[in-house]
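Visitor: Here's a sequence, model it:
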Amino acid sequence: MEQRAHWGSRLGFILAAAGSAVGLGNIWKFPYITGENGGGAFVAIYLLCVALVGLPVMVAEVLIGRSTQSSPVRAFHKLAGAGSGWVGMGWLGVAASFVILSFYSVVAGWSLHYTYLSLTGFTVNLEPSQFEPLFQSAFSSPTLNIGWHTVFMGLTMAVVLGGVAKGVERWSRILMPGLLLMMLILLINGFTLDGFGKAVDFMFGFRTDKLTAAGALEALGHAFFSLSLGMGAMLTYGSYLRKDDDIMGASITITVLDTAIAIAASMILFPLLFTQNMEAAQGPGLVFISIPIAFAQMPGGAFLAPIFFGLLVFAALTSAIAMLEVTTSSFIDVQNWTRKKATLFAGGLIFVIGIPSALSGGTDLFGADLEAVIGKNWFDAFDYLASNWMLPLGGLGIAIYTAWRMNEAIRHDHFLAGSKLQVFYKAWLFLLKFLVPVGIILVFLQAVGLI
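Guide: Sure thing, here's the model as predicted:
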């Protein structure tokens, strides 16, 4: 086997890992669930959960990767032994990345489509009533969905083919600054809008009238999922760290950056909505229906809309690169394949498995026909499987193994190596042993409808 690749710098790792965490969940899902749960109190609980649950799991996942210098399956093979059931946790992470990317690519395709529509000026003269049919026609079009799915998976595979330093890291250094620049432009615009003050009050005013126990659990769940935990991405990226890289410091930086982008996305979207006298609780249609309406009705919207949808594409691509890298790296480690063979095989298989999700908006075996039988189309079924089962179980396994089963010397030495934050070791371990498992179990039980 070739020598293990490494990041060219600590900044390269942070940008790549932050890119993995920053995705459609930050810019699409976080604003709409914040809107549904009343704003400030939900945000406060989310921030607390990020610090007490999300961050400890991220540190654990990165630590496993760096200590073994391996992708998920090989990592647990080295730590627990070839015959151990813990190796299944590695396979679960690979499977989660595989399943998520297959339908995530379809959503990213919608972002590409709306970027194209915005650049060509198609949406400028539409009436507000025309935007929902526009999205429905895109959602139900087999040609459009498969076409953009093909383009997006092709872009993702092209980056991963370049390897760690010349592919993933190089493009993270381009995509992440580009993403931040686009966010800055849109934030400046949000600051000038009449609805900015109302947006600030909504996001940071501590009102609990719309927050329920289910909403609090949703905040906990999103804090966990928005950091790309439980799918092997942070473990794989951690495996490319050198032995003296600061795991705790880097994890804090990534977590803060990811959370700041989610907050910034909300401060881009809510001023737009409130300026146009639209409600915050727009649900999943916020990005592809409500926001295009707002852009179409405001001065300069024709210029800003392509920037916003380009932002979505960049965020989706950085996350997709990480998910494909998990599967690619696993084939390289387990099968001793070349990167080219592993990337083309993994990417091609994910593309094929994603086709039913691309066809889920129609009335056929993967859409309405399947929904009539099991209550979900292919897209929703894969989303449910990954979000409600695979990721919680993966994160729970990472936490329990690191806290209760991992060799103490390995865990202690790798946490302290290169770190200026050694004083937090006992606090991190306490959270990982007790609070994190309880939190993840609650999220899991709520997600599958048991509480």
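
Visitor: Let me see the ranges of the helices in the stretch 151-300 of the chain.
Guide: In order along the chain, the stretch 151-300 of the chain carries the following helices (DSSP state H, counting those that start in this stretch): 170-192, 196-204, 213-225, 233-238, 247-275, 290-297.

Visitor: what's the most buried one of the ones you listed?
Guide: helix 233-238 (a mean of 30; mean count of other C-beta atoms under 10 Å). Yep, even glycine has a C-beta here, placed from its N, CA and C like the rest.

Visitor: got a list of contacts for that one?
Guide: The contact list for helix 233-238 (C-beta atoms under 8 Å, 6 or more residues apart in numbering) reads 13, 16-17, 20, 58, 61-66, 71-72, 75, 93, 97, 227-228, 247, 322-323, 325-326, 329-330, 398.

Visitor: picking that back up, weakest of the helices of the stretch 151-300 of the chain in terms of mean pLDDT?
Guide: For the helices of the stretch 151-300 of the chain, the weakest mean pLDDT is recorded on helix 213-225, namely a mean of 85.

Visitor: neighbouring contacts of stretch 342-356?
Guide: 98-99, 101-103, 105-106, 146, 149-150, 153, 156-157, 160-161, 324, 327-329, 331-332, 335, 337, 365-366, 378-379.

Visitor: Narrow the residues you listed to just the buried residues.
Guide: 98-99, 101-103, 105-106, 146, 149-150, 153, 156-157, 160-161, 324, 327-329, 331-332, 337, 366, 378-379 (16 or more other C-beta atoms under 10 Å).

Visitor: Please produce CSV containing the helices of the stretch 151-300 of the chain, extended by distance to residue 140.
Guide: Output for the helices of the stretch 151-300 of the chain, formatted as CSV (distance: least, C-beta to C-beta, whole Å):
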stretch, distance to residue 140
helix 170-192, 29
helix 196-204, 33
helix 213-225, 27
helix 233-238, 31
helix 247-275, 25
helix 290-297, 18
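
Visitor: circling back: looking at the buried ones among the contacts of stretch 342-356, which are in helices?
Guide: Residues from the buried ones among the contacts of stretch 342-356 lying in helices, with DSSP state H as the criterion: 98-99, 101-103, 105-106, 146, 149-150, 153, 156-157, 160-161, 324, 327-329, 331-332, 378-379.

Visitor: Can you report how many residues neighbour the residue nearest to residue 312 when sequence neighbours are not counted?
Guide: Take residue 312 and drop its neighbours on the chain: the residue closest to it by C-beta to C-beta, 6 or more residues apart in numbering is residue 111, 3.9 Å away. When neighbours are defined as other C-beta atoms under 10 Å, residue 111 has 26 of them.

Visitor: Sticking with residue 111, tell me its helix or strand.
Guide: helix 87-119 (DSSP states H and E).

Visitor: Check which helices and strands that helix is in contact with.
Guide: helix 24, helix 72-80, helix 131-140, helix 142-161, helix 301-335, helix 339-358, helix 378-385, helix 391-400 (3 or more C-beta pairs under 8 Å, 6 or more residues apart in numbering; DSSP states H and E).

Visitor: Beyond the last one, next helix or strand please.
Guide: Reading on from helix 391-400 to the C-terminus, the next helix or strand found by DSSP H and E is helix 408-416.

Visitor: Could I get the average pLDDT for that following helix?
Guide: On average, helix 408-416 scores 95.

Visitor: what packs against that helix?
Guide: When contacts are defined as 3+ C-beta pairs under 8 Å, 6+ apart, helix 408-416 packs onto helix 55-68, helix 247-275, helix 425-430.

Visitor: Check which residues of it are buried.
Guide: For helix 408-416, by 16+ other C-beta under 10 Å, it's 411, 414, 415.

Visitor: next one: it to chain centre, how far?
Guide: 28 Å (C-alpha atoms, centre = their mean, to the nearest Å).

Visitor: Equivalent analysis for stretch 252-262, please.
Guide: 12 Å.

Visitor: One more: stretch 241-256?
Guide: Centroid displacement of stretch 241-256 relative to its chain, using C-alpha atoms, centre = their mean, is 19 Å.

Visitor: before we move on, what about stretch 262-273?
Guide: 18 Å.

Visitor: ok, and the closest non-adjacent residue to the residue with the largest distance to the centre of the chain?
Guide: Within the chain, the residue lying farthest from the chain centre (C-alpha atoms, centre = their mean) is residue 125, at 33.0 Å. In this structure, residue 125 finds its nearest non-sequential neighbour in residue 296, 8.0 Å apart by C-beta to C-beta, 6+ apart.

Visitor: Distance check, that neighbour against residue 112.
Guide: Residue 296 sits 19 Å away from residue 112, going by C-beta to C-beta, to the nearest Å.

Visitor: now do residue 177
Guide: 20 Å.

Visitor: Now the worst-scoring helix or strand of the chain on mean pLDDT: buried residues?
Guide: In the chain, no helix or strand scores lower on mean pLDDT, DSSP states H and E than helix 368-374, which sits at a mean of 78. Across helix 368-374, burial judged by 16+ other C-beta under 10 Å covers 370, 371.

Visitor: Repeat that for stretch 49-66.
Guide: 49-51, 53-66.

Visitor: residues near residue 303, how many?
Guide: If we define neighbours as other C-beta under 10 Å, then residue 303 has 12 of them.

Visitor: And residue 21, by the same measure?
Guide: 28.

Visitor: What count of nearby residues applies to the nearest residue to residue 388 once chain neighbours are set aside?
Guide: Spatially, and ignoring its direct neighbours in sequence, residue 388 is nearest to residue 447 (3.9 Å; C-beta to C-beta, 6+ apart). Neighbours of residue 447 under the rule other C-beta under 10 Å: 18.

Visitor: quick one: residue 447 from residue 217, how far?
Guide: Counting by C-beta to C-beta, the gap from residue 447 to residue 217 is 8 Å.

Visitor: which residues does the residue nearest to residue 125 contact?
Guide: Taking C-beta under 8 Å, 6+ apart, one finds 123, 124, 125, 126, 128, 131, 305 in contact with residue 296.

Visitor: Need phi/psi at the fourth one.
Guide: With angles defined as degrees, to the nearest 10, residue 126 sits at phi -80, psi 150.

Visitor: switch to numbering from 18
Guide: All set: I'll call the first residue 18, so the last point we hit is now residue 143.

Visitor: close enough to count as contact, it and residue 152?
Guide: No - counting by C-beta atoms under 8 Å, residue 152 is not a contact partner of residue 143; they are 11.4 Å apart.
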